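# heads up, no residue letters with this:
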Ligand code: NDP
């Protein structure tokens, strides 16, 4: 019988690593641990092998179109498609609440723009009943944004990808205008908040697109909780394993009818735009 395939981006450590671990234990198919750095990725695979688990490995840098293309080519030669895709890779520098323009752009490339490249290159490989899980954050709730115009636009039922792109672009323009403009847009760490709000909004727009295309694909986003990882410099309420709980619920247990929602770390649905 054909093997099912699950892919987790940025999974050499942190929550992504724990998602791979959980999938290796419970998913009936091949699980790809992917990482931008081959050495870090292979070490993570070794750790799981030491526990008796059998993840597969491939390099995948979500900010590199050629890396995503190479991965897509690899998957399409070995498998008939992707069943579960967890867009987990992300960055945040806690010590830099107001980043430089370059830093904000790099963050946006990793946390948001990468999803558009992944949509273009990996989505064609998704099976008709695939599941996509996007790692958002409580900082990805709409209320993190302080500009009324964008609050109104992002909450529209007929929001488009182009409008989300304009939102991110407007934010990056504000970053160029200095600290006051930056903070008045989304507060400290506004680049991260804007990236996760954009990721969440894109989740809902893409769900509508899949439905329109007649596909049974589900795409949901999730706040994993405040989790002790390198990203949070070890601060947080939860272990990475606990942080993986809701993403694993969406990948393995949620009904396929759960579509285009924002899920909290305790697996309950919340209103994104309250
Ligand atoms: P970590 O910093 O522990 O892990 C992040 C992972 O993303 C690493 O494996 C890192 O790889 C990878 N990564 C970064 N850039 C790229 C890239 N260009 N291509 C591929 N992989 C990349 O963070 P967490 O585990 O805490 O975070 C996982 C996700 O959960 C993120 O999206 C984060 O925003 C989200 N999240 C986390 C929260 C928390 O409290 N921890 C709260 C809310 C959301 P490398 O080792 O090479 O740097």
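The structure has been received and is ready for your questions. These numbers were taken from a predicted model, which means no experiment stands behind them.

# which parts of stretch 212-230 are buried?
For stretch 212-230, burial by neighbour count (16 or more other Cβ atoms under 10 Å) applies to 217-225, 227-229. All C-beta spots, glycine's among them, are computed from the backbone N, C-alpha and C.

# cool, stretch 41-48 as well?
So stretch 41-48, judged by 16+ other Cβ under 10 Å, has buried residues 41, 44-45, 47-48.

# give me the buried positions along stretch 151-167.
The neighbour-count check on stretch 151-167 (16+ other Cβ under 10 Å) flags 153-154, 159, 164, 167 as buried.

# next one: stretch 12-26
Applying 16+ other Cβ under 10 Å to stretch 12-26 flags 12-24 as buried.

# correct me if wrong: residue 201 contacts residue 154.
Yes - with contacts defined as Cβ atoms under 8 Å, residue 201 counts as touching residue 154 at a distance of 5.4 Å.

# list the residues that contact both of the two?
Residues within reach of residue 201 and of residue 154 at once, by Cβ atoms under 8 Å, 6 or more residues apart in numbering, are 142, 164, 167.

# tell me the one of the residues you listed nearest the ligand?
Nearest to the ligand out of the shared contacts of residue 201 and residue 154 is residue 142 (Cβ to the nearest ligand atom; 15.6 Å).

# need the contact list for the closest one.
Per Cβ under 8 Å, 6+ apart, neighbours of residue 142: 151, 154-155, 197, 200-201, 272-274.

# quick one: stretch 57-69 near the ligand?
Yes - judged by Cβ under 6 Å from any ligand atom, stretch 57-69 and the ligand are in contact via 60-63.

# in the stretch 51-200 of the chain, what residue comes closest to the ligand?
residue 90 (2.5 Å).

# which residues are in contact with whichever strand or helix holds residue 120?
Assigned by DSSP states H and E, residue 120 falls within helix 114-121. Contact with helix 114-121 is made by 9, 62-63, 65, 68-69, 72, 85, 87, 89, 134, 161, 199, 202, 206, as judged by Cβ under 8 Å, 6+ apart.

# what residues sit buried inside that helix?
So, applying 16+ other Cβ under 10 Å, buried residues of helix 114-121: 114-115, 117-119, 121.

# tell me the one of the residues you listed nearest residue 266?
Using Cβ to Cβ, residue 115 is the member of those that lies nearest residue 266, at 24.8 Å.

# quick one: contacts for residue 29?
So, once contact is read as Cβ under 8 Å, 6+ apart, residue 29 ends up touching 3-6, 83.

# most neighbours among these, which one?
For these, neighbours were counted using other Cβ atoms under 10 Å, and residue 6 has the most, 27 neighbours in all.
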